[in-house]
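Peer 1: what's the 3D shape of this:
(4 chains)
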There are 2 protein chains.
Amino acid sequence: MVQSRDAERTRSELLDVATEVFSEQGYSGARVDEIAERTRTTKRMIYYYFGGKEGLFLAVLEAAYRRIRDLEQSLHAGDLEPVDAIRRIAELTFDHHVDHPDFIRLVSVENIHRGRHLEKVESLRELGAPAASVLDEVLARGRASGELRADVDAIDVHMMISAYCVFQVANSATFGFLFGRDMLAPDVRERHRRILGDIVVGWLTAD
Amino acid sequence: MVQSRDAERTRSELLDVATEVFSEQGYSGARVDEIAERTRTTKRMIYYYFGGKEGLFLAVLEAAYRRIRDLEQSLHAGDLEPVDAIRRIAELTFDHHVDHPDFIRLVSVENIHRGRHLEKVESLRELGAPAASVLDEVLARGRASGELRADVDAIDVHMMISAYCVFQVANSATFGFLFGRDMLAPDVRERHRRILGDIVVGWLTAD
DNA sequence: TCGCTAATGTACGAAACGGTACATACATTG
DNA sequence: CAATGTATGTACCGTTTCGTACATTAGCGA
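Peer 2: Below you'll find the predicted structure:
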């Protein structure tokens, strides 16, 4: 093969494939050889660019979180009324999770390992701030107008929304099996999306 | 060592230790040798009783789910008013998850593998029924009295509660890291517990 | 065009790992 | 108390798997 050299392409292809494999098989389950085989390059390059399996995983995590952060920053609902804004944020977050199952699975994998790898990527500390600040602004407006309850903060709300969205993707296999509900079916998805909005609005507007 | 033979003890000790190791390291990350070393018996016994690593994992999953099922069956709130009953169920479920982090982690591991193992344990199919039926009864009463909304079913409610509880345990490492909130701290736990009750009640009693 | 370095490919090694063959001791039952 | 099957221990095997030593090629600047 007369493929010209392209360091950047090699690097990013490894990262893409590794994201897939790690999210499919977990950290220990992922095989360095398999990752290499699925690319147009060889295992040697993993060691050249990332130093090894762990370095590759760290790079995958970092890239995944950055992608998510960018998406969250584009999540603005500033021109809506507080109640509508809250529902909108919940729905967008929901869509966003549905669209990025790889990321959710990767986070699960990292949690199995108790965040051991994530802690090594110092650059990701407090990456949650953007998502929280959008909510913070809406909550403040809602509190001022008396429409939204005052005993919760942005992180509480974000956690509730994340929990619902993450669960729906990350636990679809076991929950679906145990309750005979196909979590991937479009109509079920749609139902859950609506329900999430109802939950958040019902909760935050209760006296 | 002059330890007398006790098949049952050997078996259950292997199961206990395996539960720990699998939930700490994941399926692929768990080492058969390590599991054996942590018990008073040898690796040989894993093959004798469970056939191999996968058989052991299946047994661990089955035992864990059965334990949970039993606890869920003891969850009765029949003598409370619907609204109070709902809050009580949510709180008990919450405590229950907090007390069994191993189980939650095991479920995460199984979901990484897309429920491949769980499907092999035929005896666990539709194990969710008990949990749903308790909720079902309360929802029916609440609908009848007009106190609870009618557009959701027991599985919807159970999923919401599970999502919150599972997230709080399963994602504590990454969420805690990203938002600088120590999810294991008692006061944070207490706050989340109260919030879960507020969420469920607020949602289900909204017009 | 001539090096020189970044980038890539090949082949292999050492340790980890799941699994098993074989030997043996205990306990129960007739 | 002998006999028999259950339970257990030891030592080892074949693969897999991460990692690396060594060779080689492509392209860029002098």
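Peer 1: okay, CA-based contacts and neighbour counts for the rest of this
Peer 2: Fine.
Peer 1: show me where pLDDT drops low in chain A?
Peer 2: Along chain A, segments meeting pLDDT under 70 span A:1-4.
Peer 1: Of all residues in it, which one is closest to DNA strand C?
Peer 2: A:Thr41 (3.8 Å; CA to the nearest atom of the strand).
Peer 1: how about that residue, phi and psi?
Peer 2: Taking degrees, to the nearest 10, you get phi -120, psi -170 for the backbone angles of A:Thr41.
Peer 1: which residues does it contact?
Peer 2: By CA atoms under 8 Å, 6 or more residues apart in numbering or on different chains, the contact list for A:Thr41 reads A:Thr10.
Peer 1: buried residues in the helix ranked longest in chain A?
Peer 2: Looking across chain A with DSSP state H, the single longest helix is helix A:7-29. Neighbour-count burial for helix A:7-29 flags A:10-11, A:13-15, A:17-29 (criterion: 16 or more other CA atoms under 10 Å in any protein chain shown).
Peer 1: How about stretch A:28-48?
Peer 2: A:28-32, A:35-36, A:39, A:42-43, A:45-46.
Peer 1: Please enumerate the strands of chain A.
Peer 2: Using DSSP state E, chain A contains no strands.
Peer 1: I'd like to know which of the buried residues of stretch A:28-48 are part of helices.
Peer 2: A:28-29, A:32, A:35-36, A:43, A:45-46.
Peer 1: For B:Arg191, state which of the residues you listed is nearest.
Peer 2: A:Ser28 (35.0 Å; CA to CA).
Peer 1: Pull the contacting residues for the closest residue to that closest one other than its chain neighbours.
Peer 2: Nearest residue to A:Ser28, sequence neighbours excluded (CA to CA, 6 or more residues apart in numbering or on different chains): B:Gly29, at 5.0 Å. Shown in contact with B:Gly29 (CA under 8 Å, 6+ apart): A:27-29, B:22.
Peer 1: Near DNA strand D, list only the ones from those residues.
Peer 2: A:28-29 (CA under 7 Å from any atom of the strand).
Peer 1: what does chain A put close to DNA strand C?
Peer 2: So chain A meets DNA strand C at A:5-7, A:10-11, A:40-45, A:48 (CA under 7 Å from any atom of the strand).
Peer 1: Let's have those in a markdown table, adding distance to DNA strand D.
Peer 2: Formatted as a markdown table, the residues of chain A next to DNA strand C follow (distance: CA to the nearest atom of the strand, whole Å):
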| residue | distance to DNA strand D |
| --- | --- |
| A:Arg5 | 5 |
| A:Asp6 | 8 |
| A:Ala7 | 10 |
| A:Thr10 | 13 |
| A:Arg11 | 16 |
| A:Arg40 | 15 |
| A:Thr41 | 12 |
| A:Thr42 | 9 |
| A:Lys43 | 6 |
| A:Arg44 | 5 |
| A:Met45 | 8 |
| A:Tyr48 | 8 |
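Peer 1: so where do the helices sit in chain A?
Peer 2: Using DSSP H, helices in chain A cover A:7-29, A:32-37, A:43-50, A:53-73, A:82-99, A:101-112, A:129-145, A:154-170, A:172-179, A:186-205.
Peer 1: Show me what from chain A comes close to DNA strand D.
Peer 2: Close to DNA strand D, as judged by CA under 7 Å from any atom of the strand, chain A has residues A:2, A:4-5, A:28-33, A:43-44, A:47, A:51-54.
Peer 1: Return the set of buried residues in stretch A:93-113.
Peer 2: Per 16+ other CA under 10 Å, stretch A:93-113 contains these buried residues: A:93-94, A:97-98, A:102-113.
Peer 1: pull the CA atoms of it into CSV?
Peer 2: Coordinates of each C-alpha in stretch A:93-113 appear next as CSV, following Å, rounded to 0.1, in the frame of the first residue of the first chain:
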residue,chain,number,x,y,z
THR,A,93,-29.9,16.8,27.3
PHE,A,94,-31.9,13.7,26.7
ASP,A,95,-31.4,13.8,23.0
HIS,A,96,-27.8,14.4,23.5
HIS,A,97,-27.4,11.3,25.6
VAL,A,98,-29.4,9.2,23.2
ASP,A,99,-27.1,10.4,20.4
HIS,A,100,-23.9,9.6,22.3
PRO,A,101,-24.2,6.1,23.8
ASP,A,102,-20.4,5.6,23.4
PHE,A,103,-19.7,8.4,25.7
ILE,A,104,-22.2,7.1,28.4
ARG,A,105,-20.7,3.7,28.2
LEU,A,106,-17.2,5.1,28.5
VAL,A,107,-18.2,6.9,31.7
SER,A,108,-19.6,3.7,33.1
VAL,A,109,-16.4,2.0,32.4
GLU,A,110,-14.5,4.7,34.1
ASN,A,111,-16.8,4.5,37.1
ILE,A,112,-16.2,0.8,37.4
HIS,A,113,-12.6,1.8,38.0
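Peer 1: tell me how far it is from the chain's mean position?
Peer 2: Relative to its chain's centre, stretch A:93-113 lies at 4 Å (CA atoms, centre = their mean, to the nearest Å).
Peer 1: in stretch A:190-205, what's buried?
Peer 2: Under 16+ other CA under 10 Å, the buried positions of stretch A:190-205 are A:192-193, A:195-205.
Peer 1: swap in stretch A:151-169?
Peer 2: For stretch A:151-169, a neighbour-count test (16+ other CA under 10 Å) marks A:154-155, A:157-169 as buried.
Peer 1: which one among the residues you listed gets closest to B:Arg66?
Peer 2: B:Arg66 lies nearest to A:Phe167 out of the buried residues of stretch A:151-169, by CA to CA, at 21.3 Å.
Peer 1: Contacts only, for the closest residue in space to the closest one that isn't next to it in sequence.
Peer 2: Once flanking residues are discounted, A:Phe167 sits nearest to B:Ala163: 5.2 Å by CA to CA, 6+ apart. Taking CA under 8 Å, 6+ apart, we find B:Ala163 in contact with A:163-164, A:166-168.
Peer 1: and which of these is nearest B:Asp187?
Peer 2: Of all these, B:Asp187 sits closest to A:Ala163, with 19.4 Å by CA to CA.
Peer 1: on that earlier part again, in JSON lines: the helices of chain A, plus distance to B:Ser74.
Peer 2: Listed next are the helices of chain A as JSON lines, based on distance: least, CA to CA, whole Å:
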{"stretch": "helix A:7-29", "distance to B:Ser74": "35"}
{"stretch": "helix A:32-37", "distance to B:Ser74": "47"}
{"stretch": "helix A:43-50", "distance to B:Ser74": "51"}
{"stretch": "helix A:53-73", "distance to B:Ser74": "41"}
{"stretch": "helix A:82-99", "distance to B:Ser74": "33"}
{"stretch": "helix A:101-112", "distance to B:Ser74": "29"}
{"stretch": "helix A:129-145", "distance to B:Ser74": "38"}
{"stretch": "helix A:154-170", "distance to B:Ser74": "25"}
{"stretch": "helix A:172-179", "distance to B:Ser74": "19"}
{"stretch": "helix A:186-205", "distance to B:Ser74": "27"}
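Peer 1: Appreciated, that's everything.
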